[in-house]
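A.B. asks: got a sequence here, can you model it:
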Amino acid sequence: MHFAISIPQRVPDGTFDPAKLRDYLTRAESLGFHSAWTQEMVLGSAPALAPLELMTFAAACTQRLRLGCAVFVSPLHNPVHLAKSISTLDQLSRGRIEVGFATGGGGRMFSAFEVDQALLVARFTEGLRLMKACWTEPRITFSGRFWQLDGASQEPKPFQKPYPPLWIGGQHPSAVRRALRYGNGFFGAGSSTTAQFAQQVHVLRAALAEAKQDPSTFPIAKRVYIAIDDNVTRAQERVDAALRQIYGSSGLTAVAVYGPPSACKCQEESEPSATAKLSQLLAIQTIIILRPVFADSGESESSHLPSSEYGYDGPTDLRVRLSFAHCQKPASIEQRRDLR
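C.D. replies: A predicted model of the protein is given here:
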């Protein structure tokens, strides 16, 4: 299992501090995180920075850390432009980019993007095919329903061959199966509960078995919202406020972990069988993405660096201290060595 962390994106107008974000990223890299991830939010009340530009900044601040977006709602994009931007960033980072795509769902203002909601899946699959053509073919001839090219070329190709790892996100069983057809990994939604995620993994494993593909070759990732705070009530309130701003509704605290380190464990104690099942389903290559949440309207997320205040020594130690991934007792010293 790998641990990743979210790149702070919530920056109220005029508060961006390049030095703080640079410190956050270099500290995350020094602590041994596998990767750092962004999200896409084009419209909304939350002051969220755009993912591609933020990943570009992060690439310039780091040497080893892999960088990703989970996810781009790709039907809202022109695939030729998006393919070019991703290729460029993969070259600038010397091959450290991971890319997540999803169809998106209800609640978006599709009219702002001149997109018919009824055609999301069709645009999604065709757009992915076109991006892959841009990344791999010297001359691109493409006759699609939405986009057509005749002998076009796009250079340079991505640094990674044939292209960066593609993660497909979603919750519906059809979206989960789509991940196997079009991607290199599955990305579970941060808003899904442990039980829902376990069911999604079950659907994915069934599809892998039907395709006779080794599950260990198809990684799985999950975003986990966290709020470390000695005051449990305040932490819960912060989680609820932050998730309400992200998803537009309250009552999602069950998907997060919050409180002091001694109490930061899986909150879904009402579903022990689901969390036990999750610990069995997680693949060796699974990535757990930590997404710290802070709800004070005037503060930038980059103000909250991974801190030694709680005795935090890096992602391996976090797995032991919080034990959120498997809701298990802290590992022994020998087990900790095995995790490294």
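A.B. asks: list phi and psi for residue 27.
C.D. replies: Dihedral pair for residue 27: phi -70, psi -40, per degrees, to the nearest 10.
A.B. asks: tally of neighbours for it?
C.D. replies: 15 (other C-beta atoms under 10 Å). Where you see a C-beta, it was placed from the backbone N, CA and C, and this is true even at glycine.
A.B. asks: please apply the same query to residue 96.
C.D. replies: Other residues lying near residue 96 total 23 when counted by other C-beta under 10 Å.
A.B. asks: skipping adjacent residues, who's closest to it in space?
C.D. replies: Closest residue to residue 96 apart from its sequence neighbours, by C-beta to C-beta, 6 or more residues apart in numbering: residue 66 at 4.8 Å.
A.B. asks: now that neighbour: phi and psi?
C.D. replies: Here is the backbone geometry of residue 66 (degrees, to the nearest 10): phi -80, psi 150.
A.B. asks: quick check: pLDDT value at it.
C.D. replies: Looking at residue 66, its pLDDT reads 98.
A.B. asks: that one touches residue 34, doesn't it?
C.D. replies: Yes: with contact defined as C-beta atoms under 8 Å, residue 66 and residue 34 form a contacting pair (6.4 Å).
A.B. asks: hey, what's the residue nearest to residue 96 bridged with?
C.D. replies: Counting by DSSP bridges, residue 66 is bridged to residue 35.
A.B. asks: which one's more surrounded, residue 66 and residue 34?
C.D. replies: residue 66 (22 against 18).
A.B. asks: residues contacting that one?
C.D. replies: By C-beta atoms under 8 Å, 6 or more residues apart in numbering, residue 66 lies in contact with 4, 34-36, 96-98.
A.B. asks: if you set the cut-off to 7 Å instead, what comes out?
C.D. replies: By C-beta atoms under 7 Å, 6 or more residues apart in numbering, the contact set of residue 66 is 34-35, 96, 98.
A.B. asks: dump these to TSV, plus distance to residue 234 and pLDDT.
C.D. replies: Converted to TSV, the contacts of residue 66 look like this (distance: C-beta to C-beta, whole Å; pLDDT from 0 to 100):
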residue	distance to residue 234	pLDDT
34	30	95
35	29	97
96	36	98
98	34	98
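A.B. asks: looking at this, residue 101 is in a helix?
C.D. replies: No: under DSSP: H, G, I helix; E, B strand; the rest coil, residue 101 sits outside any helix and is assigned strand.
A.B. asks: the residue nearest to it when sequence neighbours are not counted - how many residues pack around it?
C.D. replies: Nearest non-adjacent residue to residue 101, counting by C-beta to C-beta, 6+ apart: residue 74, 4.4 Å away. Neighbour count of residue 74, defined by other C-beta under 10 Å: 24.
A.B. asks: where's residue 74 relative to residue 229, distance?
C.D. replies: 36 Å (C-beta to C-beta, to the nearest Å).
A.B. asks: much appreciated, bye for now.
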